[in-house]
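S.K.: Got a sequence here, can you build the structure:
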Amino acid sequence: MTIVQADVLWRPEDDYKVKPALEEGDIYRPDILTVIDTVIDSLSGDLRELNLDIHDHPELKYEERYAHDAYTSFLETHGFEVTKHHLLETAWVATYTHGRGGRVLGVNSEMDALPGIGHACGHNLIGISGVAVACAAKAAMEQLDIDGKVILLGTPAEEGGFGKVKLWERGAYKEMDVCLMCHPAPGPLHSISLSSCLAVIRLEIEYSGHTAHAGLSPWEGKNALDAAVLAYTNIALLRQQIKSTHRVHGIIEGNDWAPSIIPDNSKMYYYIRAPTTVEAEETLKRVVPCFEAAALATGTKVKVTRGSTGNELVQNKVLGNELSDVVRKKYGVIDYEYGISGASTDFGNVSYLMPGLHPGFSIPTVPEGGNHTRAFTDSARSQAAHDACLVVSKALAHVGMRVITDGGFLQQVTDAFEEQRNNKT
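M.R.: Below you'll find the predicted structure:
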């Protein structure tokens, strides 16, 4: 396992305007990339305003009403056909079609923030990246008279709400040939990552006991908090015997607790993560007995409810190779280690169902200031993070336009998807 050295990561004091060494060689349709570069650069100021506006108005999953209105207004102004409240209250879709027929590029824009710490996962950047990609594709189709369609889907509730899965089930992705998006994270300067992410299984655990006076007659009680604490300890010990690439973590909650009352209820929320869905399922089999044993030891009752399962990312190999080619020759470096390799995303489920690409891109962060920290909230607002977001957006737009303009390439993408899917099953 590679050990990440702190000084490898892009820090705020680093001069990111010093360009990296690039590889030589031709790229596909440089005329298209010229349009993409020009359009995204010209929109940078407007996108920066939108970026900061979203960052300043963080909203939790399925509550992204301000973001919904801000994005749809922006896209209407830029000539897209917009459907508000699309299939879910805070979802939306913006489309543009040029000519007749043609292939269909799908793009995602996320919107939700985190409780208490705002946009600590950089969804303000993910959101404007989708807008940038869609605007660049629209301009390329217009200026170069290319038949095709771009669909930009505003997806709520990535943070635990499985918004993309719900949209998939309602048919939001059915017209797309591929779907693209990106995600910020710590990483080396000028780096774009093609790492995967972890699969995740979510659990809700409820313990039911019996109250009693904690001083007068505690023996009459059945302590649901003790059950939760014991389960927490069981899992802490189990971690010594699970693989270092797996994660098991959670929290404890309760209602109407008081020091003088034996608690008759407790609730735990736990995530089980692993590099693949199959591995997560295997670890689940070892975790559930930890909860059951705690109930047995404390005389309480336990109910374990399984929530949604998030698949690991399947980065389409052909889309990834095209992204790598344009990044290395025009923009920066590719890595397979950083990105959101230790996190999870509902786009993983989408990538199991259709060809998809979800690169990570590095932004400057402080030590101990990675995703889901208050420091990352600040990092996601920086000018450097905005500029990095536009770079990966240009590369994604290039990949998307190859999908639209090159039928043979799309067939390779589809074949790779089928091959990767067969390998999973």
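S.K.: Going by C-alpha atoms from here, please, whenever you check contacts or count neighbours.
M.R.: Will do.
S.K.: after the helix or strand harbouring D378 comes which helix or strand?
M.R.: Using DSSP states H and E, D378 sits within helix 374-379. Next helix or strand after helix 374-379 toward the C-terminus (DSSP H and E): helix 383-405.
S.K.: the strands in the stretch 1-150 of the chain, which residues?
M.R.: 81-83, 92-98, 104-110, 148-155 (DSSP state E, counting those that start in this stretch).
S.K.: measure the residue in the chain sticking out farthest from the centre to S351 for me?
M.R.: Here the chain reaches farthest from its C-alpha mean at L216, the gap being 51.0 Å by C-alpha atoms, centre = their mean. Distance, L216 to S351, using C-alpha to C-alpha, to the nearest Å: 58 Å.
S.K.: and the residue minimising distance to the centre of the chain, what is it in contact with?
M.R.: Closest to where the C-alpha atoms of the chain average out (C-alpha atoms, centre = their mean) is T345, at 4.1 Å. T345 sits next to E158, E159, C197, G310, N311, E312, L313 when contact means C-alpha atoms under 8 Å, 6 or more residues apart in numbering.
S.K.: Let me have these in TSV, extended by neighbour count.
M.R.: Output for the contacts of T345, formatted as TSV (neighbours: other C-alpha atoms under 10 Å):
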residue	neighbour count
E158	22
E159	21
C197	26
G310	25
N311	27
E312	29
L313	29
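S.K.: Considering these, which is situated nearest to I404?
M.R.: L313 (23.0 Å; C-alpha to C-alpha).
S.K.: can you map out the helices along the stretch 101-250 of the chain?
M.R.: Remark: helices assigned in the stretch 101-250 of the chain by DSSP state H, counting those that start in this stretch are 123-143, 163-169, 224-238.
S.K.: of all those, which lies closest to A380?
M.R.: Using C-alpha to C-alpha, the helices of the stretch 101-250 of the chain put helix 123-143 closest to A380, at 7.0 Å.
S.K.: Could you list the buried residues of that closest one?
M.R.: Using 16 or more other C-alpha atoms under 10 Å as the test for burial, helix 123-143 gives 123-141.
S.K.: again with stretch 298-315
M.R.: 298-302, 304, 309-315.
S.K.: so L313, which of the three states?
M.R.: Of the three states, L313 takes coil according to DSSP: H, G, I helix; E, B strand; the rest coil.
S.K.: ditto for the one 10 residues further on
M.R.: Using three-state DSSP, the structure places L323 in helix.
S.K.: Wait, H190 touches A21, no?
M.R.: No - between H190 and A21 there is no contact under C-alpha atoms under 8 Å: 10.2 Å.
S.K.: shared neighbours, those two?
M.R.: G332.
S.K.: Residue ranges in the stretch 51-200 of the chain under the pLDDT threshold?
M.R.: Filtered on pLDDT under 70, the stretch 51-200 of the chain yields no residues whatsoever.
S.K.: Check the gap between Y62 and N316 for me.
M.R.: On the measure of C-alpha to C-alpha, Y62 and N316 end up 29 Å apart.
S.K.: For those two, indicate the residue with more neighbours.
M.R.: N316 (25 against 19; other C-alpha atoms under 10 Å).
S.K.: Show me what the longest helix along the chain is packed up against.
M.R.: Longest helix in the chain by number of residues (criterion: DSSP state H): helix 30-55. Other elements packing on helix 30-55 under the criterion 3 or more C-alpha pairs under 8 Å, 6 or more residues apart in numbering; DSSP states H and E are helix 65-77, helix 123-143, helix 383-405.
S.K.: buried stuff in the next helix or strand along the chain from the longest one?
M.R.: Note on helix 383-405: by DSSP H and E, the next helix or strand toward the C-terminus is helix 407-424. By neighbour count on 16+ other C-alpha under 10 Å, the buried set for helix 407-424 is F409, L410, V413, T414, D415, A416, F417, E418, Q420, R421.
S.K.: Please apply the same query to stretch 99-111.
M.R.: G102, R103, V104, L105, G106, V107, N108, S109, E110, M111.
S.K.: same thing with stretch 186-205?
M.R.: 186-203, 205.
S.K.: Show me these that map onto strands.
M.R.: The strands, defined by DSSP state E, take in S191, I192, S193, A199, V200, I201, R202, L203, I205 from the buried residues of stretch 186-205.
S.K.: what sits against H386?
M.R.: Contacts of H386 by C-alpha under 8 Å, 6+ apart are R48, N51, L125, A380.
S.K.: what pLDDT does it get?
M.R.: At H386, the pLDDT value in this model is 98.
S.K.: residues in contact with P259?
M.R.: A214.
S.K.: quick revisit: tabulate the contacts of H386 (TSV), appending distance to G250.
M.R.: Shown next, in TSV, are the contacts of H386 (distance: C-alpha to C-alpha, whole Å):
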residue	distance to G250
R48	36
N51	31
L125	27
A380	26
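S.K.: which of the residues you listed has the most neighbours?
M.R.: L125 (32 neighbours).
S.K.: so that residue sits right up against E49, yeah?
M.R.: No - the criterion here is C-alpha under 8 Å, and L125 misses it with E49 at 11.6 Å.
S.K.: Spit out the residues that contact these two alike.
M.R.: By C-alpha under 8 Å, 6+ apart, no residue touches both L125 and E49.
S.K.: neighbours around T245, how many?
M.R.: If we define neighbours as other C-alpha under 10 Å, then T245 has 11 of them.
S.K.: ok, now which ones touch it?
M.R.: By C-alpha under 8 Å, 6+ apart, the neighbours of T245 are A274, P275.
S.K.: Return the distance of it relative to P364.
M.R.: 25 Å.
S.K.: Skipping adjacent residues, who's closest to V287 in space?
M.R.: I235 (6.8 Å; C-alpha to C-alpha, 6 or more residues apart in numbering).
S.K.: so what's the one you found up against?
M.R.: Taking C-alpha under 8 Å, 6+ apart, one finds V248, V287, C290 in contact with I235.
S.K.: The residue lying closest to the first one once chain neighbours are set aside in helix, strand or coil?
M.R.: What it means is V248. Excluding the flanking residues, the one nearest V248 by C-alpha to C-alpha, 6+ apart is I272, at 4.6 Å. Assigned by three-state DSSP, the conformation of I272 is strand.
S.K.: Would you check that I272 makes contact with V278?
M.R.: No - in this structure, I272 is not within contact of V278 by C-alpha under 8 Å, at 11.7 Å.
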